[in-house]
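Novice: Turn this into a structure:
(one chain, ligands or ions: 2)
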Amino acid sequence: MIIADILTAIGLGLALMHFTVPLAYYMHLRKKWFYKPWNVKKDYDYRPKICIVIPTYKEADRIWLKLNNIYEQDYPRDKMHIIVVDSASPDNTVDVVRKWASNHSDVELTILEEPIRRGLVHALNYALKYVPEDCEIVIFTDADAYWSRDTLRNVIAYFADTSIGAVTASILPNTDEARGEYTYREYYNVIRISESKMYSTPIHNGVLVAFRYKLLKVIGGLPTYTGNDDSTPASLIAFMGYRAIQVDDVVVSEHLLEKGQVMRKIRRAQHLILHFLHTKRYAKKLGIYKRTSFDKIWNIEAYLHLINPWLLLLATLLLVMQALHDLIALALLILGAILLTYKPYRTWIINQIILIVATFRNIVTKDIIWQK
Ligand code: GDD
Ligand code: MN
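Specialist: Ligands and ions are numbered 1, 2, ... in the order given. Predicted coordinates for the structure are as follows:
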């Protein structure tokens, strides 16, 4: 009986810890940082040369609109250089890009073609070799991400401050019916923006991530232990002592997939897990690591991605075991189940499951080259 009570108590304790740490972190950040002004000297007249790299694999349907979208940015065209790097797309992506280029000769565009597909990170490393020396800012952006007209101007203004090493946009999904997705993004945007105001955030978004080129050179391109092109280089730059921030005045909507949205989330979770497992050590190995307040942010985010989901799993398993003979355990499980009707809670639980599934999937494949 006593042992049963103890096991139920441990289950409850683990569950409480699972929920209170992220909630307390969220509330602390919101109270202390979210409403603070940015400690950044922005300059909207700063006009460095920027290089926009678009990786493509099977993007024939979208790339024309994407190029138009960049072309229409409120930024001098002679200060823009677009690089499209394609990895042997079986559709006619490259033909579309060629045609677009011949129709728009007033902007510099380089087309790079990899003979075989080796994944996003490899493609971008290949592209980095062709970034001209006079480019001060390098931007990676997914072919399916569309920006509002003032996006580049707003992003570049931050780089006038020499402490800024990387800038990423906030994301909102572009469909109204995706309420669950909204709650999830709102919660994370508060955290990422607050972390950024405090110092830097370890998670950046591929819809738009901008780097100071000289810092990308210091890290020697993107590491290949993970498949993301955003969070990992940005965090290496943060470890170097520069700020890597998600800003609140640049919002890009992301189109949700009708098919394969869950698989995509699992893949992104896999890449984030690999990111949190390796990036700090990699920074030390490169000899660029500096101790800053980024460490605190990094440690808690690493905990939230690598350890916290498992507390929930353990708690659930313990309580299920106990529920057979302990009414309190049964009641707790039922409460947990009833709460699933509350969308934010459900979204949270689903994300925890995704992180757990992603951990197992990483054993089988790191998904550096994913299905498209
Ligand atoms: N050249 C090249 N080679 N481009 C690729 C490859 C490849 O092997 N694989 C994907 N891409 C391109 C796509 O065409 C798209 O422009 C961009 O990379 C992002 O790929 P998506 O397939 O659209 O992925 P997503 O939006 O779900 O992926 C996000 O997650 C990644 C981490 O898992 C993106 O935001 C990435 O930036 C992020 O790193
Ligand atoms: Mn995409």
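
Novice: Going by proximity to ligand 1, name the top residue of this protein.
Specialist: G206 (2.0 Å; CB to the nearest ligand atom). C-beta: built from backbone N, CA, C; applies to glycine.

Novice: Would you mind confirming that that residue is in contact with A145?
Specialist: Yes - G206 is in contact with A145 according to CB atoms under 8 Å; the separation is 7.4 Å.

Novice: Point out the residues in the stretch 251-372 of the chain that sit beside ligand 1.
Specialist: 264, 267-268, 271, 369, 372 (CB under 6 Å from any ligand atom).

Novice: Dump those into a markdown table; add neighbour count, pLDDT and distance to L236 as well.
Specialist: Formatted as a markdown table, these follow (neighbours: other CB atoms under 10 Å; pLDDT from 0 to 100; distance: CB to CB, whole Å):
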| residue | neighbour count | pLDDT | distance to L236 |
| --- | --- | --- | --- |
| R264 | 14 | 94 | 24 |
| R267 | 22 | 98 | 21 |
| R268 | 19 | 97 | 19 |
| H271 | 26 | 98 | 15 |
| I369 | 17 | 96 | 22 |
| K372 | 9 | 88 | 27 |
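
Novice: a markdown table for those residues, including distance to I363?
Specialist: As requested, those are exported to a markdown table (distance: CB to CB, whole Å):
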| residue | distance to I363 |
| --- | --- |
| R264 | 19 |
| R267 | 14 |
| R268 | 17 |
| H271 | 15 |
| I369 | 17 |
| K372 | 23 |
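
Novice: close to ligand 2, is stretch 262-279?
Specialist: No - Stretch 262-279 stays clear of ligand 2 (CB under 5 Å from the ion), getting no nearer than 7.9 Å.

Novice: Only C-alpha atoms, please: export that stretch in CSV.
Specialist: What follows is stretch 262-279, C-alpha atoms only, in CSV (Å, rounded to 0.1, in the frame of the first residue of the first chain):
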residue,chain,number,x,y,z
VAL,A,262,2.8,15.5,-38.9
MET,A,263,5.8,13.9,-40.6
ARG,A,264,7.3,17.4,-41.1
LYS,A,265,6.9,18.2,-37.4
ILE,A,266,8.6,14.9,-36.5
ARG,A,267,11.5,15.7,-38.9
ARG,A,268,11.9,19.2,-37.5
ALA,A,269,11.8,17.8,-34.0
GLN,A,270,14.5,15.3,-35.0
HIS,A,271,16.7,18.1,-36.3
LEU,A,272,16.1,20.2,-33.1
ILE,A,273,17.0,17.2,-30.9
LEU,A,274,20.3,16.7,-32.9
HIS,A,275,20.8,20.5,-32.6
PHE,A,276,20.5,20.4,-28.8
LEU,A,277,22.6,17.3,-28.5
HIS,A,278,25.6,18.6,-30.5
THR,A,279,25.8,22.3,-31.1
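
Novice: List the buried residues for it?
Specialist: Along stretch 262-279, these residues count as buried under the neighbour rule (16 or more other CB atoms under 10 Å): 265-277, 279.

Novice: is I171 in a bridge, and if so with what?
Specialist: Beta-bridge partners for I171, by DSSP bridges, are V252.

Novice: For it, give me its contacts.
Specialist: 185, 189, 205, 207, 251-254 (CB atoms under 8 Å, 6 or more residues apart in numbering).

Novice: Now rank those by neighbours and give me the top one.
Specialist: Counting neighbours by other CB atoms under 10 Å, V207 leads those with 24 neighbours.

Novice: Which residue ranges of the stretch 1-150 of the chain form strands?
Specialist: In the stretch 1-150 of the chain, the strands defined using DSSP state E, counting those that start in this stretch lie at 50-56, 80-87, 108-114, 137-140.

Novice: could you dump those to CSV with mean pLDDT and distance to ligand 2?
Specialist: Shown next, in CSV, are the strands of the stretch 1-150 of the chain (pLDDT from 0 to 100; distance: least, CB to the ion, whole Å):
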stretch, mean pLDDT, distance to ligand 2
strand 50-56, 98, 10
strand 80-87, 98, 15
strand 108-114, 98, 18
strand 137-140, 98, 12
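
Novice: closest to A244 out of those strands?
Specialist: Closest to A244 of those is strand 137-140 (CB to CB; 13.4 Å).

Novice: picking that back up, when you check the residues of the stretch 251-372 of the chain next to ligand 1 against the helices, which ones overlap?
Specialist: 264, 267-268, 271 (DSSP state H).
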